[in-house]
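Engineer: need coordinates for the following:
(2 chains)
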Amino acid sequence: MISETVVDLSRLQFAMTAMYHFLFVPLTLGLSFLLAIMESVYVMTGKQVYKDMVKFWGKLFGINFALGVTTGLTMEFQFGTNWAYYSHYVGDIFGAPLAIEGLMAFFLESTFIGLFFFGWDRLSRLQHLAVTWLVALGSNLSALWILVANGWMQYPAGSEFNFETMRMELVDFGALLFNPVAQVKFVHTVSAGYVTGAIFVLAISSWYLLKKRDLGFARRSFAIAAVFGLASSLSVIILGDESGYEIGDVQKTKLAAIEAEWETQPAPAAFTLFGLPNQEKMRTDYAVKIPYVLGLIATRSTDEQIKGIKDLIVEHEARIRNGMLAYARLEALRAGDTSPQAMAAFDEVRQDLGYGLLLKKYTPNVVDATEEQIRQAALDTIPHVPSLFWTFRIMVACGFLMLLLFALASWASIKRNAEDKPWLLRFALLSLPLPWIAAQTGWYVAEHGRQPWSIGEVLPTHLSASSLSSGDLWGSLLALLAFYSLLLVIEMYLMIRFARLGPSSLHTGRYHFERPDAARAARA
Amino acid sequence: MSQHSPQSPWRTRLVREIGIILLIKLFILLTIKTVWFTEPTVPVNGSERVGEHLFGPATQP
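Structural biologist: As a prediction, this is how the structure comes out:
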């Protein structure tokens, strides 16, 4: 048995590296589309300022992209180094989308990024525009395949356990690709990326407008970011709702935990806006509820109940007992009894084999687990409710705040009076961290919400980690923390330096730090 | 006499440069794989070891 410390350290390292990586990914997703839009306007209008916008925001995109690739490489290797049992058990399915993502990122995206940066003088306007759109498409396709892999972790469609190879195997690639959880996660996540790109451009442009510099450049950047951001934030909210509806269908435990639904309420269930979930006592103190809302949002009906945590624990306990039977019948198959009767007996309960594996945390001999161990394993099927409850609400609050900002910014752009509203510009500037807070809390909800599973209802996390020592893990964790922190400092330094310089960094002679003082106001 | 037809994309310098860069990338990747990734991708007795880790040792018939 691998110690809990090793499992926890492995989880900590993966969480840390994933969160670092996702500091850069959403900005890549969003900025790539913004660049494509800005360059489309350049090609349509022929106005030099739009080309300058593509080149300047492209510079920041490039810095961010490099860090995204660097931190992303670690993730792919980490599956093998720290999650070897997981990799072998589910690699037949999990490996395919990751391999496709690697090919699309390394070959497709990187080739076109090279053309984007170095092809300005070698390609025609239309050819370069096509390249920029292909960069945007490439980065979004990379996200698709990663989210197909992650979606499968949440809801393992299109796969079956093979007792002869003792691993999960892919039986339906279409089911893997069109897994509803994967599809809805993909569109929600890329929309969040678009919001991030939009906030980034909006905030920095707002700063230029507040400083009354490079006004023509800043106004246009502000306007494009505002409108793109408005569309994206509406998408992310609607698709987030869709994601929640999907979770209510196939990840009932996660939904119940997010909403701290301890009891099964009469339909339609009330929504707990705020409160203090108490996991030990299985209740929410000081709850502020809105009648009917949860039932309507999560089930889109007035008569479908949302199963509460207490009822889910009872259900899971029954599945654990089934899982013990599945474990015992699998032992018979492994011992050589592959008669039709033995196979049929295993098939009856095979879908609960993963639940049986939950008992491995308490006893190596699953079939002889005590009642206390079964009860404890059933309690383990519920993730940490208070943290899920609050991170979800922080994510949603950030989302709605950004929607408000984009609505105000779009209106100001239409009225052409954004510069006359310093309060709006400061609101935009101060909103810069919001998409990152929303993204990190969102991923916490998605990934911690599936605990105790690394693959939902198939493979528990505590059985997935490699046989490493705590020393190995502390070493790699601290080394990665140090290296990533250094990368983050370098990235922040470069981003801030170029953002402060603004389009003057393009050395065109047209912008703020390149023009004589007397001419600046007239040229703005 | 040119080896390429008048309409051949290889006559474009950018296409030749991209082609060479892709070949260099492929060479580097294959070299890295040959030098540092020589261990079998599927561990020896991998299935047995994972099976034992998850489901305990297989009992004899």
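
Engineer: distance check, the residue most central in space within chain B against residue B:23.
Structural biologist: When C-alpha atoms, centre = their mean is applied to chain B, the residue found nearest the centroid is residue B:30 (6.1 Å). Using C-beta to C-beta, to the nearest Å, residue B:30 is found at 11 Å from residue B:23. Bear in mind the C-beta positions are built from the backbone N, C-alpha and C, glycine included.

Engineer: next one: residue A:502
Structural biologist: Taken as C-beta to C-beta, the span from residue A:502 to residue B:23 is 39 Å.

Engineer: any idea of the pLDDT on residue 45?
Structural biologist: I went with chain A, as the question did not name one. pLDDT, residue A:45: 97.

Engineer: please refer instead to chain B.
Structural biologist: 83.

Engineer: state the phi and psi torsions of it.
Structural biologist: phi 60, psi 30 (degrees, to the nearest 10).

Engineer: residues making contact with stretch A:185-198?
Structural biologist: A:25-34, A:140, A:143-144, A:147-148, A:150-151, A:154, A:225-226, A:228-229, A:231-233, A:235-236, A:239-240, A:242-243, A:399, A:402, A:406, A:435-436, A:438-439, A:442, A:446 (C-beta atoms under 8 Å, 6 or more residues apart in numbering or on different chains).

Engineer: cool, and stretch A:461-478?
Structural biologist: So stretch A:461-478 is contacted by A:2-7, A:9-13, A:16, A:81-86, A:89, A:357, A:360-361, A:451-454, B:53-54 (C-beta under 8 Å, 6+ apart).

Engineer: ok, residue A:195 - how many residues close by?
Structural biologist: Close neighbours of residue A:195, defined as other C-beta atoms under 10 Å in any protein chain shown, add up to 32.

Engineer: for it, give its distance to chain B.
Structural biologist: 33 Å (C-beta to the nearest C-beta, to the nearest Å).

Engineer: what helix or strand is that residue located in?
Structural biologist: Assessed by DSSP states H and E, residue A:195 sits inside helix A:180-210.

Engineer: run the chain-centre distance for that helix.
Structural biologist: Centroid separation for helix A:180-210 versus its chain: 13 Å, with C-alpha atoms, centre = their mean, to the nearest Å.

Engineer: what's the mean pLDDT across it?
Structural biologist: 97.

Engineer: okay, buried residues for that helix please.
Structural biologist: A:180-209 (16 or more other C-beta atoms under 10 Å in any protein chain shown).

Engineer: what comes into contact with the helix-or-strand element of chain B with minimal mean pLDDT?
Structural biologist: Taking mean pLDDT, DSSP states H and E as the measure, helix B:46-55 is the helix or strand of chain B with the lowest mean score, a mean of 87. Helix B:46-55 is contacted from outside by A:85, A:88-89, A:165-167, A:327, A:330-331, A:334, A:357, A:360, A:459, A:463, B:43, B:58, using C-beta under 8 Å, 6+ apart.

Engineer: over to stretch A:276-294?
Structural biologist: So stretch A:276-294 is contacted by A:259-262, A:268-275, A:302, A:306, A:309-310, A:382, A:384-386, A:389 (C-beta under 8 Å, 6+ apart).

Engineer: returning to what we had before: what about the residue nearest to the centre of chain B, helix or strand, and which?
Structural biologist: helix B:13-36.

Engineer: got the CA positions of that helix in PDB?
Structural biologist: Extracted in PDB, the C-alpha atoms of helix B:13-36 (Å, rounded to 0.1, in the frame of the first residue of the first chain):
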ATOM      1  CA  ARG B  13      11.900  30.300 -50.100                       C
ATOM      2  CA  LEU B  14       9.500  30.400 -47.100                       C
ATOM      3  CA  VAL B  15       8.100  26.900 -47.900                       C
ATOM      4  CA  ARG B  16      11.700  25.500 -48.100                       C
ATOM      5  CA  GLU B  17      12.600  27.200 -44.800                       C
ATOM      6  CA  ILE B  18       9.500  25.800 -43.100                       C
ATOM      7  CA  GLY B  19      10.200  22.400 -44.500                       C
ATOM      8  CA  ILE B  20      13.800  22.500 -43.200                       C
ATOM      9  CA  ILE B  21      12.600  23.700 -39.800                       C
ATOM     10  CA  LEU B  22      10.100  20.800 -39.500                       C
ATOM     11  CA  LEU B  23      12.700  18.300 -40.500                       C
ATOM     12  CA  ILE B  24      15.100  19.700 -37.900                       C
ATOM     13  CA  LYS B  25      12.300  19.500 -35.300                       C
ATOM     14  CA  LEU B  26      11.600  15.900 -36.200                       C
ATOM     15  CA  PHE B  27      15.400  15.100 -36.000                       C
ATOM     16  CA  ILE B  28      15.700  16.700 -32.600                       C
ATOM     17  CA  LEU B  29      12.600  14.800 -31.300                       C
ATOM     18  CA  LEU B  30      13.800  11.500 -32.600                       C
ATOM     19  CA  THR B  31      17.300  12.100 -31.100                       C
ATOM     20  CA  ILE B  32      15.800  12.900 -27.700                       C
ATOM     21  CA  LYS B  33      13.800   9.800 -27.800                       C
ATOM     22  CA  THR B  34      16.700   7.600 -28.800                       C
ATOM     23  CA  VAL B  35      19.100   9.100 -26.200                       C
ATOM     24  CA  TRP B  36      16.800   9.600 -23.200                       C
END
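
Engineer: residue A:502 and residue B:23: who's more crowded?
Structural biologist: residue A:502 (21 against 10).

Engineer: contact residues of chain B facing chain A?
Structural biologist: Within chain B, the positions adjacent to chain A are B:13-14, B:18, B:21-22, B:25, B:42-43, B:46-51, B:53-56, B:58-61 by C-beta under 8 Å from any C-beta of the partner chain.

Engineer: and residue 7, what's its pLDDT?
Structural biologist: In the absence of a named chain, chain A is used. 95.

Engineer: oops, chain B please
Structural biologist: Reported pLDDT for residue B:7: 76.

Engineer: just to revisit the earlier point, narrow the contacts of stretch A:276-294 to those in strands?
Structural biologist: A:271, A:272, A:273, A:274, A:275 (DSSP state E).
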